[in-house]
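**Q** here is my input; please provide its structure:
(one chain, ligands or ions: 1)
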Amino acid sequence: MDEALPRLYREFAPWFHLLTAPADYADEAELYRRLAAEACAVPPRTLLELGSGGGNNASHYRAHFQATLADLSPAMLAISRELNPECEHIEGDMRSLRLGRLFDVVLVHDAVMYLLTGDDLRACMATAFAHCRPGGVAIFAPDCTRETFTPGTSHGGHDGDGRALRYLEWTWDPDPSDTQYTVDFAYLLREGESVRVEQDRHIFGLFSRDEWLAWLREAGFAEARVTPGVEEGLEVFVACRAAH
Ligand SMILES: C[S@@+](CC[C@H](N)C(=O)[O-])C[C@H]1O[C@@H](n2cnc3c(N)ncnc32)[C@H](O)[C@@H]1O
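**A** Prediction:
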C-alpha cells in the first residue's frame, strides 16, 4: 500500500462510513447517472470509477451500471466490497491503471483531489481516456477548482453500531502560489464509552478551470465542458470521446 495516503485510507478505513455515510450520496450519484446518459451516444451500461474509495456513490449507481471500482487502498477496497459485493473491485493507481478494457462511463469523483501536480492530473485523464469507449464519457467531480476554492471549517460524523465518529475539517492554503492546499482533520473516535482523538493531514491539488478543460482535450476527448455539481459551488467536468 502507498504509505503517502492519509491515515483515513489506511488504519482508519473501517471508520470511513461513519465520517461520510453512503446514504448521503443518492443525489450526487443520480446527477452522474443523468450526465452520463445525456452524454453517451447509446445508453451507457458499464462504468469504471477511478479512486472509488468507500463505494458511497457506487452504492447508488450500481443499480444502473455494471460497475468496476478501482482504488489505491486495499483497506478502502475492503469496506467498499462489503457495501457493494456485486461490483468488481481492483487495486490500482488512477495515474497508471491499464485494464485493457473499455467502459461506457469513466467516473473520477473526489479522489482526484489527491493528484497534486499537473503531470499527475494529466496522467489520470490519460487513464480515463484509455478506458473510455468511442462515444462514451468521462466525468470528473473535483471538490473545487482554483476559482471555487474557499478556506474554511466544517464538522460532521455519524453514529454506528457501538461506535461513533465526529470530525472537524479545516481547509487552508499555506502557499497560494503553488498547486496544493491542505485539509487538516481531527477525528473523535468513540468505541463504547471510550473516546480517542486522532489527527490526519490531507493534501489536495488545485487547478484552474481552463487547465482542466485544456488537459481533457489534450488527453484526446473531443469535447469537454463544465456543468454545475450537486451543491452550490461544485462543478463537474464532462468529457466526451468521439464516436469514430
Ligand atoms: C474520499 S475517498 C473516495 C470516496 C468515493 N468518492 C466514494 O464515493 O466513496 C478518496 C479515495 O482516493 C483514493 N486514492 C487516492 N489517490 C489515489 C490514486 N492515485 N489512485 C487511486 N485511488 C487513489 C484513496 O485511497 C481513497 O480511497
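
**Q** contacts only, for Glu218.
**A** By CB atoms under 8 Å, 6 or more residues apart in numbering, Glu218 lies in contact with 122, 125. Heads up, the C-betas are built off the backbone N, CA and C, glycines and all.

**Q** 56 is where my numbering starts, stick with that
**A** Done: numbering now begins at 56, and the last item shifts to Glu273.

**Q** quick one: pLDDT of it?
**A** pLDDT for Glu273: 98.

**Q** and the closest residue to Pro197 other than its chain neighbours, how many neighbours?
**A** Excluding the flanking residues, the one nearest Pro197 by CB to CB, 6 or more residues apart in numbering is Val167, at 5.3 Å. Residues contacting Val167 under the criterion other CB atoms under 10 Å number 24.

**Q** and Glu85, by the same measure?
**A** 15.

**Q** so it: helix, strand or coil?
**A** Recorded secondary structure, Glu85: helix (DSSP: H, G, I helix; E, B strand; the rest coil).

**Q** check contacts around the residue nearest to it when sequence neighbours are not counted.
**A** Excluding its sequence neighbours, the residue lying closest to Glu85 (CB to CB, 6+ apart) is His115, at 6.9 Å. Contacts for His115 (CB under 8 Å, 6+ apart) come out as 77, 80-81, 84-85.

**Q** out of those residues, which is nearest to the ligand?
**A** The ligand has its nearest neighbour among the contacts of His115 in Tyr80, at 6.0 Å by CB to the nearest ligand atom.

**Q** surely that closest one is within a helix?
**A** Yes: Tyr80: assigned to a helix according to three-state DSSP.

**Q** so Gly275 versus the ligand, what's the distance?
**A** 20 Å (CB to the nearest ligand atom, to the nearest Å).

**Q** follow-up on the earlier one: for my notes, confirm the residue nearest to Glu85 occurs in a helix.
**A** Yes: judged by three-state DSSP, His115 forms part of a helix.
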